[in-house]
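> output the structure for:
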Amino acid sequence: MRKFASRAVAAIAITAGIIGFGAGTASAEPVSDNPSIGELKNSWDQGGAMVGGGAAQMVSSAWLGVPLSAIWLGHEAVGATADVAPVQ
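Take a look at the predicted model:
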């Protein structure tokens, strides 16, 4: 149990570090002082596409990752010695 707990804490710490680094980095295009309506609309549309794409990626990764993580953690918790191969 101690081994499992230390691995879980390490995984959470690594994940938090990666998320923190990703949240801190951003890129932006230069903005003019007097943008046109078309530029504002395009900026709005691109921002919405990025938010929607990020949400879709988060949902799909949770949908695919959570069941496999539960299986792997279950095998680890009961001390299974057989390797569990990820689904290809």
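
> can you map out the helices along this protein?
Using DSSP state H, the helices of the chain run over residues 2-24, 37-78.

> what's around Leu73, how many residues?
Neighbour count for Leu73, taken as other Cβ atoms under 10 Å: 13. Every C-beta, even on glycine, is put in place using the N, C-alpha and C of the backbone.

> so how far is Arg2 from it?
Leu73 is 15 Å from Arg2, where distance means Cβ to Cβ, to the nearest Å.

> what do you get for Ile12?
Taking Cβ to Cβ, one finds Ile12 at 16 Å from Arg2.

> neighbour count winner among those two?
Taking neighbours as other Cβ under 10 Å, Ile12 and Arg2 compare with Ile12 leading, 10 against 6.

> now do Asp83, the pLDDT please.
According to the predicted model, the pLDDT of Asp83 comes to 61.

> ugh, wrong one, I meant Arg7
Looking at Arg7, its pLDDT stands at 78.

> give me the number of residues near it?
Arg7 has 12 neighbouring residues, counting by other Cβ under 10 Å.

> got the contact list for it?
For Arg7, the contact set (Cβ atoms under 8 Å, 6 or more residues apart in numbering) comprises Glu76.

> phi, psi for the residue lying farthest from the centre of the chain please.
In terms of distance from the mean C-alpha position of the chain, Asn34 ranks first, at 35.9 Å (Cα atoms, centre = their mean). Taking degrees, to the nearest 10, you get phi -130, psi 80 for the backbone angles of Asn34.
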